[in-house]
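[1] 3D model of this:
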Amino acid sequence: MVKTLVLYESKYGFTKEIAKDAALVLGSSAYFHAGSVNKDINCFDVILICTPVYNDILPQSIMDFVANNAEILKSKRVILFCCCLEVDNGKVHLKPIREILGSAIVWQEIIGAKIEISHLNSNDYNDLKKVCEKDEISFKDNDLFTKERYLERLLKVKHIIGDDRVIIGRDEGMLHVENFLKKHNTCTLGTGYLHSVRTTPMEYIYIEGHIYLMSDAGEKFYYILQNPNVSVSIYDNYISYEEIGGLQIQGTATIIDTTTEEYYSIMKEKGLSDEMLGKSEITPYLIRVDFEKIDFEWSEFEKMGYSIKQIFR
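    Have a look, this model is predicted:
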């Protein structure tokens, strides 16, 4: 499991918030002010630094942390996110860190900043005004930060730093996926459209690489008709981290035509004969979920010598 330490300096709270977001997205992480880290940084595989720029220079707490821990940091993978108003030319501010850590830096990016003039104390107000005049930047409230873009970058970073997983072969791994699916019969179906999402606990049956869900008509079908992309979660009851097991499936949902051979075949597997279906006053509908990505977190993988989390596509 990759462990990430997220560090920040923040005078007005913005950089602290993006550091917190980074810790949430990257997972297996902790975040601290750069001047008050109370963890052994040797325990972490990745160090992510969120730094603002004050008066065209990096904060002293950030530079002190880098300088004082340079040898350890050089053995880690280091990520740099810099908040400043010079989005196009901001990487020049990261040069002092690059000069110390060199190739240990695997990602660096300028993510913009938010400035509210009225919130600045008098010293920062005057200092920022001078910097804006020198750099020919408008001295006004600025919001150059796009949260959606930042979160997308964090997800990309997550994939980069997760590449050292010990991976099981797909054929062997999918056998474990199928056995897990056959051991269970209840899932949570997640559907969504625009800004609305919903989850529904449902019984399922697994047959030949597909999950089938039987249901009366309802709101979930509105979402599937609008957006066939779905998520399905299946998991063991939690006992301890040493006995964890859960699948998250991303895929597409298809509403099976009630006149097809596939529909009647699956219904027979569910114990409903053609005669029973014909006599039913309410039509039972069938949803098939085709897999696109499977995230399988299972403690048995670790016992086999693999990373506890495996991903299959």
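
[2] ok, which stretches of the stretch 201-313 of the chain are strands?
    For the stretch 201-313 of the chain, the strands defined by DSSP state E, counting those that start in this stretch cover 210-215, 229-235, 245-255, 285-298, 309-312.

[3] Next, format those strands as TSV and append mean pLDDT, distance to residue 104 and mean neighbour count.
    For every residue, glycine as well, the C-beta is placed using N, CA and C. Listed next are the strands of the stretch 201-313 of the chain as TSV, based on pLDDT from 0 to 100; distance: least, Cβ to Cβ, whole Å; neighbours: other Cβ atoms under 10 Å:
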stretch	mean pLDDT	distance to residue 104	mean neighbour count
strand 210-215	93	44	19
strand 229-235	97	36	19
strand 245-255	96	32	18
strand 285-298	95	29	18
strand 309-312	90	25	18
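
[4] want to throw those strands into TSV with distance to residue 30?
    Listed next are the strands of the stretch 201-313 of the chain as TSV, based on distance: least, Cβ to Cβ, whole Å:
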stretch	distance to residue 30
strand 210-215	36
strand 229-235	25
strand 245-255	23
strand 285-298	20
strand 309-312	19
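
[5] I'd like to know which of these is closest to residue 46.
    Closest to residue 46 of the strands of the stretch 201-313 of the chain is strand 309-312 (Cβ to Cβ; 15.9 Å).

[6] Might you list the low-confidence residue ranges for the protein?
    For the chain, the stretches with pLDDT under 70 are 163-164, 274-281.

[7] Run a quick check on residue 263 versus residue 269, I expect a contact.
    No - in this structure, residue 263 is not within contact of residue 269 by Cβ atoms under 8 Å, at 11.1 Å.

[8] So what does residue 170 have for phi and psi?
    phi -60, psi -40 (degrees, to the nearest 10).

[9] What is the burial count for it?
    By other Cβ atoms under 10 Å, the residues close to residue 170 number 13.

[10] my guess is it contacts residue 312, does it?
    Yes - using Cβ under 8 Å, residue 170 makes contact with residue 312 at a distance of 6.0 Å.

[11] So for residue 263 and residue 269, which residue has more residues nearby?
    The residue with more neighbours, out of residue 263 and residue 269, is residue 263; 19 against 11, by other Cβ under 10 Å.

[12] Report the separation between the closest residue to the more buried one other than its chain neighbours and residue 192.
    Among residues not flanking residue 263 along the chain, residue 256 sits closest, at 4.8 Å (Cβ to Cβ, 6 or more residues apart in numbering). Distance of residue 256 to residue 192, given as Cβ to Cβ, to the nearest Å: 21 Å.

[13] Residue 25 too?
    Residue 25 is 19 Å from residue 192, by Cβ to Cβ.

[14] could you show me where the helices are in this structure, in order?
    Assigned by DSSP state H, the chain shows helices spanning 14-26, 60-68, 70-73, 95-101, 122-134, 147-161, 170-183, 219-226, 261-269, 274-279, 299-303.

[15] Reformat these as CSV; add distance to residue 208.
    Formatted as CSV, the helices of the chain follow (distance: least, Cβ to Cβ, whole Å):
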stretch, distance to residue 208
helix 14-26, 35
helix 60-68, 54
helix 70-73, 50
helix 95-101, 51
helix 122-134, 64
helix 147-161, 30
helix 170-183, 10
helix 219-226, 21
helix 261-269, 10
helix 274-279, 21
helix 299-303, 24
